[in-house]
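K.L.:
the sequence and its predicted three-dimensional model are supplied below.
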Amino acid sequence: MIKKKICNLSQLENKNYFKTWVKEFKDEIIIFKNDKKIYVKSSICPHFGGPITYNQNEKHLYCHWHGLRFSVDGKCINQKSFKACLSNYNFELKDNYIYIKK
Amino acid sequence: MKILDVTFKRKVNCSANVCLWNHWDQDHINYVHKGFYNETEIFYEDDRVILTYHRLKIPLIPFLNINTIDMQTLKDKSTVCTYGFQFGIPSLSTVIYKDIGKDKCSVSVNYKFKFLGLQILLYPIIKFLIRRWNDRTWYEDLPLKLRRQKVKRMNFKDFKGLPNKIKDRRFTGSIDFKLPISRLRKTDNKLSKHPFYNFGSKDGHV
């Protein structure tokens, strides 16, 4: 198992999300806060690989390339036939830092 | 009669097939190029041709729109020809993507406009606008191409995502390109809701 320190909680404050490429996981990760709960997901859209961002006003994730929208659980909510989900990462909060594990 | 003939040449750090995919992915136009396009719909597509309707914003005068129907065809494995009719002026754009190294390619874009009669008055305007158009769409598409190249090298599969195991997130083979590119089902896809919409003989939609 790989464990990697990603960010400090304060880095989530501005936009309510933090995004970074994580070389060890060969993935781009998005960490976001929704109703005070923290979520860690892949921010590579499973459709064509587009960038995913969290919209804190509408409380969903969306892809900038083709407009797919995902719930905070990672399920696509605006394309009924699209079954792939945003993959989830386990994480651990220690001394105000978020560590992700895979 | 007057012909405007202008060519732009560039290089990019992605394979020619990634550029071709981007060129044929009409779905991103409504999002990535929304500064220029108000609406894009596909009327017809098959394994060589796509017929699309666009409602375009005119650069510098974005409150004015023009409607155009473009017929785009894959002339050979690296050349895309698009026939259009902007401002009532027949146009042809020919784009050639050539691999020039590992994950690197050259892009040559040639535009031709044929002006007749009073249309000649539009020649300097079109000449000015086409450069702006080409620059802007190029820089809007660039991050998309580079990211697509990166995820394909991580063994990304369309409509599935990255492999679950980190050790499988590596791909060194050649990146495929096949028409028609996969799209969302037409019931879900805004692009294909037009009443004229029709698939060609090879339905690649999933």
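P.N.:
Looks like it arrived, so ask away.

K.L.:
and the nearest residue to B:Lys152 once chain neighbours are set aside, how far from A:Lys36?
P.N.:
Nearest in space to B:Lys152, with sequence neighbours left out and distances taken as Cβ to Cβ, 6 or more residues apart in numbering or on different chains, is B:Ile175 at 5.0 Å. Every C-beta, even on glycine, is put in place using the N, C-alpha and C of the backbone. When Cβ to Cβ, to the nearest Å is the yardstick, B:Ile175 and A:Lys36 sit 42 Å from each other.

K.L.:
what helix or strand is A:Cys85 located in?
P.N.:
Assigned by DSSP states H and E, A:Cys85 belongs to neither a helix nor a strand.

K.L.:
pLDDT wise, what is it at?
P.N.:
What the model reports for A:Cys85 is a pLDDT of 97.

K.L.:
how near is it to B:Cys19?
P.N.:
Computed as Cβ to Cβ, the A:Cys85 to B:Cys19 distance reads 29 Å.

K.L.:
now B:Cys81
P.N.:
Counting by Cβ to Cβ, the gap from B:Cys81 to B:Cys19 is 15 Å.

K.L.:
between A:Cys85 and B:Cys19, who's got more neighbours?
P.N.:
B:Cys19 (25 against 16; other Cβ atoms under 10 Å in any protein chain shown).

K.L.:
confidence-wise, which helix or strand of chain A is lowest on average?
P.N.:
When each helix and strand of chain A is scored by mean pLDDT, DSSP states H and E, strand A:3-8 comes last, with a mean of 90.

K.L.:
what about that one, near chain B?
P.N.:
No. With Cβ under 8 Å from any Cβ of the partner chain as the threshold, strand A:3-8 lies outside contact range of chain B, at a closest distance of 11.3 Å.

K.L.:
ok, and for that strand, which residues are buried?
P.N.:
Within strand A:3-8, the residues scored as buried using 16 or more other Cβ atoms under 10 Å in any protein chain shown are A:4, A:6-7.

K.L.:
format the residues you listed as a markdown table; extra columns: distance to B:Ser93.
P.N.:
Conversion of the buried residues of strand A:3-8 to a markdown table gives the following (distance: Cβ to Cβ, whole Å):
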| residue | distance to B:Ser93 |
| --- | --- |
| A:Lys4 | 46 |
| A:Ile6 | 44 |
| A:Cys7 | 44 |
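
K.L.:
is any residue of the next helix or strand after the least confident helix or strand of chain A near chain B?
P.N.:
Following the chain from strand A:3-8 toward its C-terminal end, the next helix or strand by DSSP H and E is strand A:17-22. No. Residues of strand A:17-22 are not located near chain B by Cβ under 8 Å from any Cβ, the shortest gap being 8.7 Å.

K.L.:
now the helix or strand that strand A:17-22 is followed by and strand A:3-8, what's the angle there?
P.N.:
Next helix or strand after strand A:17-22 toward the C-terminus (DSSP H and E): strand A:27-34. With axes from the mean of the first three to the mean of the last three Cα atoms, to 10 degrees applied, the angle from strand A:27-34 to strand A:3-8 works out at 50 degrees.

K.L.:
ok, now which ones touch residue 14?
P.N.:
If you meant another chain, say so; for now it's chain A. If you count contacts by Cβ atoms under 8 Å, 6 or more residues apart in numbering or on different chains, A:Asn14 has none.

K.L.:
meant chain B actually
P.N.:
Applying Cβ under 8 Å, 6+ apart, we find B:Cys14 in contact with B:103-105, B:145-146, B:148-149.

K.L.:
which ones among these lie within helices?
P.N.:
Here DSSP state H is the test, and the contacts of B:Cys14 give B:145-146, B:148-149 as lying in helices.

K.L.:
just the buried ones from these, in PyMOL syntax?
P.N.:
The PyMOL selection below is limited to those of these classed as buried (16+ other Cβ under 10 Å):
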select buried, chain B and resi 145+148+149
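
K.L.:
is stretch B:37-56 up against chain A anywhere?
P.N.:
No. Stretch B:37-56 does not reach chain A (Cβ under 8 Å from any Cβ); its nearest approach is 11.9 Å.
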